[in-house]
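Asks: predicted structure and sequence below. I'll ask about it afterward.
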Amino acid sequence: MKKILSILSICSTLLLAEGLTLKSSSISGQLSDKQEFNGFGCTGSNISPQLSWKNVPLGTKSFAITVYDPDAPTGSGWWHWLVFDISTNTSFVKEGFGNKHNNKVIQSITNYGTNGFGGACPPKGSKAHKYEFTIYALDVETLGLRKETNPAIVGYYINNHLIEKSTITTYYKRSK
């Protein structure tokens, strides 16, 4: 009986275990002008949001963060932010992190052709676009890529080293 209770206890613990979880105190269901790009006809503040994560899976050796718009009228979406080689000692990035250069992590080029955070900027008159903020737990300490690496290659390497990921989905429609 004691053995059965132990097995049931272990099973219930496994069932209640949470996976990698991403949260933000800066964003929720809708982005604001604060996260809107400043360029391409948009006039936002272009400030990256605060992000934090917990429940890191075993075997994680680094993290990556991306922001992707699958609704961009390009046929292949739009990469707004790609950050990688984030140490496992890190469990959050502060608001504005994507607007600064940090030698410990790499922020590669976005589809805007710049490094760092590039906020939302859907075309005028377009429906609200979906923006996927994703944290990735990776099985390598470094992807071995440079800040000039294009988004598709970064995505390829991230997915080849993926242990687990978590996404916050937000929306944004230009008001001006």
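Replies: Right, received. Where do you want to start?

Asks: buried residues in whatever helix or strand residue 137 lives in?
Replies: In the assignment (DSSP states H and E), residue 137 maps to strand 129-138. Using 16 or more other CB atoms under 10 Å as the test for burial, strand 129-138 gives 129-131, 133-138. Quick note: C-beta positions are derived from backbone N, CA and C, even for glycine.

Asks: same check on stretch 53-71?
Replies: Buried residues in stretch 53-71, counted by 16+ other CB under 10 Å: 53, 56, 60, 62-69, 71.

Asks: for residue 21, list the residues it contacts.
Replies: 53-55, 166 (CB atoms under 8 Å, 6 or more residues apart in numbering).

Asks: that one bridge partners, please.
Replies: Per DSSP bridges, the residues bridged to residue 21 are residue 54.

Asks: how close does it get to residue 34?
Replies: 23 Å (CB to CB, to the nearest Å).

Asks: repeat for residue 116
Replies: Per CB to CB, residue 116 is found 15 Å from residue 34.

Asks: tell me which of the two has more neighbours.
Replies: Set side by side, residue 116 and residue 34 show more neighbours around residue 116, with 21 against 16, by other CB atoms under 10 Å.

Asks: how far off centre is stretch 66-74?
Replies: Centre-to-centre, stretch 66-74 and its host chain are 13 Å apart (CA atoms, centre = their mean, to the nearest Å).

Asks: and the end-to-end length of it?
Replies: When the termini of stretch 66-74 are compared using CA to CA, to the nearest Å, they are 18 Å apart.

Asks: what stretches of this protein score poorly on pLDDT?
Replies: Flagging of the chain using pLDDT under 70 yields the residue ranges 1-17.

Asks: all strands for this structure, in order.
Replies: Remark: strands assigned in the chain by DSSP state E are 21-23, 38-39, 42-43, 51-54, 62-69, 78-86, 92-93, 106-107, 129-138, 162-172.

Asks: list the buried residues in the longest one.
Replies: Which is strand 162-172. 164-166, 168, 170, 172.

Asks: need the residues that contact it.
Replies: 19-24, 27-31, 35-36, 51, 53, 57, 59-60, 120, 122, 128-139.

Asks: who's in contact with the nearest residue to residue 154 once chain neighbours are set aside?
Replies: The shortest distance from residue 154 to any non-neighbouring residue, by CB to CB, 6 or more residues apart in numbering, is to residue 82 (4.8 Å). Residue 82 makes contacts with 64-66, 107-110, 151, 154-155, as judged by CB under 8 Å, 6+ apart.

Asks: in CSV: those, plus distance to residue 98.
Replies: What follows is the contacts of residue 82, written out as CSV (distance: CB to CB, whole Å):
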residue, distance to residue 98
64, 13
65, 8
66, 11
107, 7
108, 12
109, 13
110, 10
151, 14
154, 15
155, 17
